[in-house]
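Novice: Sequence plus predicted model, see below.
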Amino acid sequence: MANPLLLPEIRAMIAEGDEQELSAFLNELHPASVAEFAEGLSVEETWELLSHADVRRQAEVFPFFTPEKQVALVEGIGRERVSRLLEAMSHDDRVDLLKQCDESTVESLLPLVAKADREDIRRLLTYSEHQAGSVMTTDYATLPPEITVQEALDRLRQQAPDKETIYYVYVIDDERHLIGFVSLRGLILAKPTALVRDVMQEEVVAVRADQDKEHVARLLAKFDFLAIPVVDEQNRIIGIVTHDDVLDVLEREATEDALHMAGVGTLHEEYLKAPFSTIWRKRAIWLSCLFVAELFTFTALAQYEDAIASIVALSLFVPLCISTGGNSGSQAATLITRAMALGQITPRMWWSVLRHELVMGLMLGITLGAIGFARAAMTPHSVLGNADRWMLAVVIGQSVAAICLWGTLVGSMLPLAFKKLGFDPGYASSPFVATFVDVTGIVIYFSIAKIWLL
């Protein structure tokens with residue numbers, strides 16, 4: 001998000017060509033702060049600002065711009081300057097940038113980088129958005145096992161400027177098989193004459209490039225790692241996934257889940273920057289589907305027209321009973337969806353979830369049913385008309401309990417079913433569950449009323 005506070009001052013410094021102030025602004029602030037304050041500048045103004053820093057600093061600031069701004073900056077400057085920037089950027093940031101560009105732009109930019117880097121970029125671009133390979137970097141530090149700790153530290157000093165992180169150093173054999181890892185702390189504390197193979201840890205937690213990146217995020221959180229290695233089928237290291245990239249993954253996934261739970265498709269732009277037509281379309285399509293589904297509520301009510309006509313008081317409690325099912329179902333769906341996102345349950349555990357929610361639904365139903373019974377029993381005769389107060393209270397209590405139980409079971413099972421069928425379980429949350437339970441809740445309510453009152 002652009003921060004407008006310093007924009008006038010930044011523009012004034014650019015117009016005056018204040019080399020000292022612009023250089024201090026670029027080099028003394030954190031790259032994220034520089035990008036935030038400069039987000040509101042035009043493409044020309046941004047490049048003029050960046051020209052007061054060396055290319056390495058430019059490469060540090062660039063990834064903090066919004067994706068749209070990054071693409072505009074790349075397309076708005078000469079190829080020679082873009083070439084220097086791409087060479088200075090880390091591998092994963094470079095790939096993230098190219099993923100935002102259209103195919104023709106990518107093909108025009110690839111020849112600007114070295115051949116070895118070009119092949120690396122093409123390989124990283126092949127991974128799908130949900131795979132670990134899409135967020136890994138090939139900027140990692142390695143060591144052979146037979147050198148001393150002192151030699152290892154000397155090598156790391158040479159490797160450090162070009163690596164994403166050197167806190168974890170991966171030990172590989174001559175064929176690049178991953179045989180262990182050692183932390184920088186471990187190297188510093190070890191005797192200088194000790195061999196790397198004697199101080200390394202042989203039990204390595206690694207992932208495959210085609211594994212889901214959410215799984216990788218959970219592993220990093222579970223083991224409290226700063227990075228995790230990515231290996232191929234032969235256990236050869238091909239990259240690492242760092243904690244900062246995982247934070248981005250978790251933020252995006254949480255955003256997508258929240259939008260899906262609200263019945264909105266994924267937004268790829270900031271809320272205020274997204275085209276109005278795009279937001280309208282994403283919201284209108286889902287709301288229209290839910291609206292059409294809700295029309296079945298009218299159909300269900302029409303089937304019980306005679307019951308409503310004979311005991312008008314039944315219609316007074318329809319909102320109370322139906323909202324209970326929607327609320328309990330939405331609550332259960334949210335809990336199950338979140339538990340799946342955290343890896344706590346899977347679709348295979350549906351029977352355990354069903355038993356758990358069956359008991360929970362019964363307890364919640366009894367609690368809410370008792371409240372509904374009490375409220376119906378206190379309804380004045382002038383409102384009830386010809387209905388028997390106590391029999392109506394029994395109907396309301398049983399209906400609320402039954403609908404609450406039904407909503408809880410539906411809300412807990414639908415996310416698991418969606419996941420099993422390959423759909424995002426977030427879509428089976430609040431709006432969908434509430435709509436489904438509304439329609440079926442009408443049937444439950446009037447079926448119980450027929451038994452006791454008609």
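Specialist: Thanks, I have the structure now.

Novice: Please make it C-alpha for all contacts and neighbour counts, starting now.
Specialist: Fine.

Novice: packing partners for the longest helix along the chain?
Specialist: Identified as the longest helix of the chain according to DSSP state H is helix 389-420. When contacts are defined as 3 or more CA pairs under 8 Å, 6 or more residues apart in numbering; DSSP states H and E, helix 389-420 sits against helix 318-341, helix 350-377, helix 430-453.

Novice: Next, the angle from the last one to helix 318-341.
Specialist: It refers to helix 430-453. The directions of helix 430-453 and helix 318-341 differ by 140 degrees, with axes from the mean of the first three to the mean of the last three CA atoms, to 10 degrees as the criterion.

Novice: measure the nearest residue to F317 once chain neighbours are set aside to S51 for me?
Specialist: Excluding its sequence neighbours, the residue lying closest to F317 (CA to CA, 6 or more residues apart in numbering) is I396, at 7.5 Å. Between I396 and S51 the distance is 73 Å, computed by CA to CA, to the nearest Å.

Novice: returning to what we had before: tell me which residues of the longest helix of the chain come out buried.
Specialist: 389, 391-419 (16 or more other CA atoms under 10 Å).

Novice: quick one: it to chain centroid distance?
Specialist: 30 Å (CA atoms, centre = their mean, to the nearest Å).

Novice: and the residue lying closest to P347 once chain neighbours are set aside, what does it touch?
Specialist: Leaving aside its sequence neighbours, P347 sits nearest to L416 (CA to CA, 6+ apart; 5.0 Å). For L416, the contacting residues are I336, T346, P347, W350, P425, by CA atoms under 8 Å, 6 or more residues apart in numbering.

Novice: Tell me if I'm right that L97 and V71 touch.
Specialist: Yes. At 7.2 Å, L97 counts as touching V71 under the criterion of CA atoms under 8 Å.

Novice: Just give the closest residue to the residue lying farthest from the centre of the chain, not the sequence neighbours.
Specialist: The C-alpha centroid of the chain is most remote from N386, which lies 54.8 Å away (CA atoms, centre = their mean). Among residues not flanking N386 along the chain, I311 sits closest, at 6.9 Å (CA to CA, 6+ apart).

Novice: Pull the number of nearby residues for that neighbour.
Specialist: Neighbour count of I311, defined by other CA atoms under 10 Å: 18.

Novice: phi, psi of it?
Specialist: phi -130, psi 90 (degrees, to the nearest 10).

Novice: from memory it sits against M391, does it?
Specialist: No. Counting by CA under 8 Å, I311 stays clear of M391, with 11.9 Å between them.

Novice: Near P319, how many other residues are there?
Specialist: 11.

Novice: What of R218?
Specialist: 16.

Novice: any idea how far it is from L316?
Specialist: R218 is 49 Å from L316, by CA to CA.

Novice: The stretch 201-350 of the chain: helices as residue ranges?
Specialist: Counting by DSSP state H, counting those that start in this stretch, the stretch 201-350 of the chain has helices at residues 213-223, 243-261, 276-302, 305-310, 313-316, 318-341, 350-377.

Novice: I121 is nearest to which of these?
Specialist: helix 243-261 (17.0 Å; CA to CA).

Novice: residue contacts, the residue nearest to F317?
Specialist: F317, C321, G369, G372, F373, A376, Y445.

Novice: could those be laid out in TSV, adding neighbour count?
Specialist: Shown next, in TSV, are those (neighbours: other CA atoms under 10 Å):
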residue	neighbour count
F317	16
C321	27
G369	27
G372	23
F373	22
A376	22
Y445	22
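
Novice: quick one: which of the residues you listed is nearest M13?
Specialist: Nearest to M13 among the contacts of I396, with distances taken as CA to CA, is C321, at 64.9 Å.

Novice: wait, isn't the closest one in contact with V400?
Specialist: Yes. Look at C321 against V400 with CA under 8 Å: they come within range, at 5.3 Å.

Novice: Name the residues contacting each of the two.
Specialist: Y445.

Novice: Next, count neighbours for T367.
Specialist: Neighbours around T367, by other CA under 10 Å: 15.

Novice: Spit out the contact partners of it.
Specialist: Contacts of T367 (CA under 8 Å, 6+ apart): A401.

Novice: Give me the pLDDT value at it.
Specialist: pLDDT for T367: 97.

Novice: mind listing what the spatially most central residue of the chain touches?
Specialist: Geometric centre of the chain, nearest residue: E253, 0.8 Å, by CA atoms, centre = their mean. Residues near E253 by CA under 8 Å, 6+ apart: none.

Novice: If we use 10 Å, what do you get?
Specialist: H130, E214, L247, L259, T266, A341 (CA atoms under 10 Å, 6 or more residues apart in numbering).

Novice: Could I get the average pLDDT for the strand ranked longest in the chain?
Specialist: The single longest strand within the chain, with elements called by DSSP state E, is strand 165-172. Taken as a whole, strand 165-172 has a mean pLDDT of 92.

Novice: Name the residues that touch that strand?
Specialist: 139-146, 152, 156-157, 159-160, 176-187, 196-197, 200-202, 204, 225-229, 236-237, 240, 242.
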